[in-house]
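**Student:** Model the following, please.
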Amino acid sequence: MLNGFRCPDGRDVSVVECLSNKACSRKCLPTVFRIGILLKNQYRDPNTISVTNLTGPCMRKVFWEKVRPYHIEPTKRYSSLRGSLLHEIIALVAEQSYQGDDELCKVINDFTSNLLVEKTFRRPINGISLGGTIDLYNKKSEEIIDLKTIAFSNGILKEQSARQEHIAQVNLYAHLLRGNGFPVKKLRIAYISMNDVFLTGETYEIVRKLKAGIKKTTVKIADVPLWSEQETIAYIEPRIKILHDALASCGKLPAGVDEESGWICAWCPFNSECNASKKSKQEEPENGK
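**Tutor:** Have a look, this model is predicted:
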């Protein structure tokens, strides 16, 4: 539950204080961006379990975001806002009515009429409702395209594959679509930097200027595997039960990140509490003694 913003100087202030500039250090994002971040975070239903809640690297962070008031640093949320801006543009393109009898309007309308953009679907999993918002689904090709904004393309090009949590995420979207009557034949993820778009399943020629001269490299980004229903359920069931039970009872904390994903802790608003809970758990006597 978003409670306010954390200033660059370390102070926690209310949203009103921040946006009215009463406590502004003027080393943060412009006000219009901070309002955008507020809108993106403020109206999430804490009782809803979403696809991204289950596929992120830290379920403990998800739990605390739903049950605890917290403050966020606007600069650390800019990347998610940047992604939202892209989604808004895509939605505008897809939902726009292109009026006219010329060939261009016909071509555009034929394409956009087959799209589902920014649509939310739900499907029950053992009595627990799972929800998710699809970026793009093409009814004609029965294809999902998930959009991801990235600062740099180096990691994707080096691994030549989508990130594992993104593969899981788009497969869970496919599960939601199938449960609502939309067949899925192909999954794709579009990684969008400020300069390029890299789509899974495609081959790219990367040109780099080095001191020794121009170096050209051909990179094929692997297709996203389409999981079976059995594989998808096996992924969802234990995760959704852990998070649902924790939220229902505010009881046992879900697991935190592993060592390989520990870098995300620096961006987490619950970093100090999480470290404290790990420490107290280590110091807790066995059998309550």
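**Student:** For the stretch 101-250 of the chain, give me the ranges with low pLDDT.
**Tutor:** The model of the stretch 101-250 of the chain has pLDDT under 70 over residues 250.
**Student:** can you map out the helices along it?
**Tutor:** According to DSSP state H, counting those that start in this stretch, the stretch 101-250 of the chain carries its helices in the segments 103-112, 154-159, 164-179, 229-249.
**Student:** mind checking how far residue 223 is from residue 202?
**Tutor:** Distance, residue 223 to residue 202, using Cβ to Cβ, to the nearest Å: 9 Å. The way it works is simple: take the backbone N, C-alpha and C, and place the C-beta from them, glycine included.
**Student:** got the contact list for stretch 225-233?
**Tutor:** 125, 167, 171-172, 174-175, 178, 184-187, 235 (Cβ atoms under 8 Å, 6 or more residues apart in numbering).
**Student:** what's the neighbour count on residue 15?
**Tutor:** Neighbour count of residue 15, defined by other Cβ atoms under 10 Å: 16.
**Student:** Look at the nearest residue to it once chain neighbours are set aside and give its secondary structure.
**Tutor:** Once flanking residues are discounted, residue 15 sits nearest to residue 4: 5.4 Å by Cβ to Cβ, 6 or more residues apart in numbering. Secondary structure state of residue 4, per DSSP: H, G, I helix; E, B strand; the rest coil, is strand.
**Student:** mind listing what residue 4 touches?
**Tutor:** Counted by Cβ under 8 Å, 6+ apart, residue 4 has contacts 12-15, 17-18, 71.
**Student:** Of those residues, which belong to helices?
**Tutor:** Among those, the members falling in helices (DSSP state H) are 15, 17-18.
**Student:** Please report how far the residue nearest the centre of the chain lies from residue 133.
**Tutor:** In the chain, the C-alpha nearest the mean C-alpha coordinate belongs to residue 52, at 5.8 Å (Cα atoms, centre = their mean). According to Cβ to Cβ, residue 52 stands 9 Å off from residue 133.
**Student:** now residue 98
**Tutor:** Residue 98 sits 24 Å away from residue 133, going by Cβ to Cβ.
**Student:** re earlier: most surrounded residue in the contacts of residue 4?
**Tutor:** Top of the contacts of residue 4 by neighbour count (other Cβ under 10 Å): residue 18, with 24 neighbours.
**Student:** which non-adjacent residue is nearest it?
**Tutor:** Distances taken as Cβ to Cβ, 6+ apart put residue 5 closest to residue 18, at 4.4 Å, once the chain neighbours are dropped.
**Student:** before we move on, what about residue 148?
**Tutor:** residue 191 (5.2 Å).
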